[in-house]
Structure formats: C-alpha cells, structure tokens
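> no sequence on this one, just coordinates:
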C-alpha cells in the first residue's frame with residue numbers, strides 16, 4: 001500500500017532502514033518517487049547532526065543521482081552526483097575510496113546520457129586512481145572505459161580495456 005510506505009518513510013528516523021527502503025523502492029519496486037522521498041528524509045536526518053558525524057549525506061546524494069538517472073532526469077542526477085563528489089572532496093579529497101564510485105557514476109552519466117565522451121573518460125581516469133590495482137570494481141571501470149573508446153570509434157582501445165577487465169576477472173576467480 002503506497003500510503004503505508006509513504007508514512008513509513010516520513011516517520012522513520014533509522015538511517016539503515018531508510019537506506020534499505022531506497023534500494024527496495026527503486027530497484028525492486030520501481031517506485032522512484034518513494035525512493036526520492038526516502039533519500040530526502042535521510043538528508044533531513046543527516047543535516048540535523050554535527051558535520052563530523054555526517055557520512056550518510058553523500059550516500060543519499062548518490063542514491064538520489066542513481067534514481068534520477070533511471071528516471072531520465074539527467075540534469076538532476078548530475079546535480080546530486082556533484083553534491084556527493086563535493087562532500088567527499090571536502091572531507092578527504094581523492095583519497096576516499098567512495099570518490100571512485102561517484103566519478104564512475106558521473107562518467108556513466110556523461111558517456112551514456114550526455115554523449116560527452118571526453119568528460120566521461122576523464123572521470124573514469126580519476127576513479128581509476130582511487131582503486132587498488134586488484135580491486136574487482138576496476139574491471140567494471142575498464143569496461144566503462146571500453147565503451148567510451150568504442151563510441152569514439154577507437155576499437156583497438158576498446159579491446160585493450162576489455163582485455164584488462166578480463167585479466168582482473170580471471171585473476172579474481174583464480175584465488
């Protein structure tokens with residue numbers, strides 16, 4: 001029941017529950033408006049806390065960005081991802097491992113939704129610097145970079161990125 005779920009979001013003060021609700025609404029139920037409400041409630045809770053305790057706002061901005069991107073509201077997605085990136089950079093700069101996530105998400109937005117391949121590639125490069133050399137998520141990043149090469153017509157570059165992704169995946173399986 002939509003009314004019950006809205007009440008659940010509006011009355012919850014539990015960050016963990018709200019985060020799970022965002023995933024449930026967006027990924028399982030396709031209820032984007034409820035996911036947005038849950039993210040906004042999460043942001044309200046975070047803004048009431050002292051700054052040094054605020055790790056969640058960035059997450060909420062990222063989840064809002066993902067939701068808006070799925071709704072094809074790309075400018076709103078961009079705004080949310082940029083807020084997430086700013087919050088991470090203000091605390092720990094490019095050393096924060098989550099910067100790779102936001103740079104990857106921004107790269108996807110520029111690549112797939114805006115068709116701005118140079119910007120996407122630059123963001124993927126920044127994300128790559130935040131990953132360890134054997135991080136399994138690096139394979140995903142190489143796959144995304146392959147897409148940019150392919151869209152530019154550089155098929156040799158695309159193949160090289162796919163090979164790098166494959167090496168990581170095969171290496172992970174060999175453990």
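Nice, thanks for sending it over. On a predicted model such as this, the values are computed, not experimentally measured, just so you know.
> what about residue 30, which SS state?
Per DSSP: H, G, I helix; E, B strand; the rest coil, the secondary structure class of residue 30 is coil.
> Just the pLDDT for it.
With respect to pLDDT, residue 30 has a value of 81.
> Next: the one 4 residues further on.
For residue 34, the model assigns a pLDDT of 86.
> in which helix or strand would I find it?
Per DSSP states H and E: residue 34 is located in helix 32-47.
> Pull out the buried positions in that helix.
34, 35, 36, 37, 38, 39, 41, 42, 43, 45, 46 (16 or more other CB atoms under 10 Å). (C-beta placed from N, C-alpha, C; glycine too.)
> Run the chain-centre distance for it.
16 Å (CA atoms, centre = their mean, to the nearest Å).
> For the next helix or strand after it, name the packing helices and strands.
Sequence-wise, the next helix or strand downstream of helix 32-47 (DSSP H and E) is helix 56-70. Under the contact criterion of 3 or more CB pairs under 8 Å, 6 or more residues apart in numbering; DSSP states H and E, helix 56-70 touches helix 15-23, helix 32-47, helix 74-92, helix 98-108.
> show me where pLDDT drops low in the protein?
1-2, 4-5, 8-10, 12-15, 50-56, 172-175 (pLDDT under 70).
> do that again at 90, thanks
Applying pLDDT under 90 to the chain flags the ranges 1-63, 84, 86-101, 126-140, 167-175.
> Give me the distance between residue 43 and residue 130.
Per CB to CB, to the nearest Å, residue 43 is found 24 Å from residue 130.
> in the strand or helix carrying residue 123, what counts as buried?
Assigned by DSSP H and E, residue 123 belongs to helix 117-130. Of the residues in helix 117-130, 117, 119, 120, 121, 122, 123, 124, 126, 127, 128, 130 count as buried by neighbour count, 16+ other CB under 10 Å.
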